[in-house]
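Enquirer: When you get a sec, could you give me coordinates for this:
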Amino acid sequence: MDTVVIGAGQAGLSAAHHLQRLGVDFVVLDANDAPGGAWQHRWDSLTMHDVHGVADLPGTDVPAWDPAAQANVEVPEYFADYERRNNLPVERPVRVTRVESDPTGDELLVHTTRGTWRARSLINATGTWDTPFIPYYPGIDTFRCEQFHTAHYPGVAALAGKRVVVIGGGASAVQFLGELAGVADLTWVTRRPPVWRTSEFNPDAGREAVALVEERVKRGLPPRSVVSVTGLMLREQERKAADMGIYAARRAMFARIEPDGVRFPDGSFQPADVLLWATGFRPSIAHLAPLGLRSPEGGIELLAPRDPHTFTTSAVDGRIHFVGYGPSASTIGATRAGRVAALAVREQLDGVAA
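Expert: The predicted model follows:
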């Protein structure tokens, strides 16, 4: 086997398309039971009107989405159709547990729940959905009511009439507040003030934002989300929350969690029935730990051997390529990175120095 691709989301399918076009012998290993990547796990109330965009997969155009349709149905159907029409070799469900070099160092051993694959190179497209991040706060284990992370958001009906503390300053927090406005009793807390964008988000602004994320992976720092540097804009569906003053009423982070609420540094107390952690995700890369790819700064340093703005190849091990990581952790970025990574694999297999 020339190459193993881990993950069949936007990034993995893009890489698979280009590997197939280049004549590389490969397989895609996907941990999910069905096509759709992380999209199939999004909450039911997320409609195509709400999503920030789904980029075209290579060689095709996205369908004419029904704005009212569920994103966790429409996007998986698009991905499934793409796999079928392109006859992509996707194996599922296969969870990769560990990747290591064989004793000779010539091949990679990809250990999974369904045996071991041997490959000369690997494209990691595992994204972040499987690694939700909830920061520790004193007393978190004593909270008697419900706690949900974005990955397990139960929807409006489950939270109606409850006192909900929304934690986090990113796009998910803004969306949850917009959706729950007037339905639940909301308190918004963030560790740092959100960055609001008032100017138009044009291509130049996009390039500037991605460049800031690129700088982190060049230095081996843990990547930040693209939205953390693009800033946030309120959409029409969030105007109700804005008019109610919910976004303006943001509070600084609480100091501790108590059984029935949160306590702030000034001693004030906010009762809560639900803590909704919109605190983001971390890259799902624990299976790569045996390869020793992390830098002293905690991230994975990447090189851009083919495209000065698309970092895909590990600086430690040129056999390992990343898509949907750091600056390519967006639908558009992941599609482009899939092509760059596939070309880097082809060159590696041909013995061309990257």
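Enquirer: Now do the same contact list for V62.
Expert: Residues counted as contacts of V62 (Cβ atoms under 8 Å, 6 or more residues apart in numbering) are 54-56, 78. All C-beta atoms are positioned from the backbone trio N, CA, C, and that covers glycine.
Enquirer: so which of these would you say is closest to A241?
Expert: Using Cβ to Cβ, V54 comes nearest to A241 of these, at 24.5 Å.
Enquirer: Run through the helices of this structure in chain order.
Expert: 10-21, 71-86, 156-159, 171-180, 203-218, 227-230, 239-243, 331-349 (DSSP state H).
Enquirer: For these, state which one has the densest average packing.
Expert: helix 10-21 (a mean of 27; mean count of other Cβ atoms under 10 Å).
Enquirer: ok and it relative to helix 71-86, angle-wise?
Expert: Interaxial angle, helix 10-21 versus helix 71-86 (axes from the mean of the first three to the mean of the last three Cα atoms, to 10 degrees): 10 degrees.
Enquirer: Got the phi and psi for the most centrally placed residue in the chain?
Expert: What sits nearest the mean C-alpha location of the chain, by Cα atoms, centre = their mean, is T128, with 4.1 Å. Phi and psi for T128, reported as degrees, to the nearest 10, are phi -130, psi -10.
Enquirer: thought it was touching S284?
Expert: Yes - contact criterion Cβ atoms under 8 Å: T128 and S284 qualify, at 5.9 Å.
Enquirer: for the stretch 1-150 of the chain, which spans come out with low pLDDT?
Expert: Scanning the stretch 1-150 of the chain for pLDDT under 70 picks out 52-53.
Enquirer: quick one: the strands in it?
Expert: 3-6, 26-29, 90-91, 96-101, 108-112, 115-119, 121-124, 146-149 (DSSP state E, counting those that start in this stretch).
Enquirer: okay if I get those strands as a markdown table plus mean neighbour count?
Expert: A markdown table is the format used below for these (neighbours: other Cβ atoms under 10 Å):
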| stretch | mean neighbour count |
| --- | --- |
| strand 3-6 | 28 |
| strand 26-29 | 23 |
| strand 90-91 | 18 |
| strand 96-101 | 18 |
| strand 108-112 | 19 |
| strand 115-119 | 15 |
| strand 121-124 | 28 |
| strand 146-149 | 18 |
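Enquirer: Just tell me which of the ones you listed ends up closest to P290.
Expert: Smallest distance to P290 across these (Cβ to Cβ): 4.1 Å, for strand 96-101.
Enquirer: thinking again about what came up before, format the helices of the chain as TSV; extra columns: distance to A289.
Expert: Output for those, formatted as TSV (distance: least, Cβ to Cβ, whole Å):
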stretch	distance to A289
helix 10-21	20
helix 71-86	28
helix 156-159	36
helix 171-180	28
helix 203-218	18
helix 227-230	25
helix 239-243	41
helix 331-349	21
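Enquirer: Among those, which comes closest to D273?
Expert: Taking Cβ to Cβ, helix 156-159 is the member of these nearest to D273, at 8.4 Å.
Enquirer: ok, back up a step: and the strands of the stretch 1-150 of the chain: which comes nearest S295?
Expert: strand 121-124 (16.0 Å).
Enquirer: How is the chain partitioned into domains?
Expert: 3-130+281-349, 140-196+232-277 (automatic domain parsing).
Enquirer: would you turn the strands of the stretch 1-150 of the chain into JSON lines with distance to V323?
Expert: Converted to JSON lines, the strands of the stretch 1-150 of the chain look like this (distance: least, Cβ to Cβ, whole Å):
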{"stretch": "strand 3-6", "distance to V323": "9"}
{"stretch": "strand 26-29", "distance to V323": "12"}
{"stretch": "strand 90-91", "distance to V323": "15"}
{"stretch": "strand 96-101", "distance to V323": "15"}
{"stretch": "strand 108-112", "distance to V323": "16"}
{"stretch": "strand 115-119", "distance to V323": "16"}
{"stretch": "strand 121-124", "distance to V323": "6"}
{"stretch": "strand 146-149", "distance to V323": "24"}
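Enquirer: ok, V274 - contacts?
Expert: Applying Cβ under 8 Å, 6+ apart, the residues near V274 are 145-148, 159, 162-165, 184.
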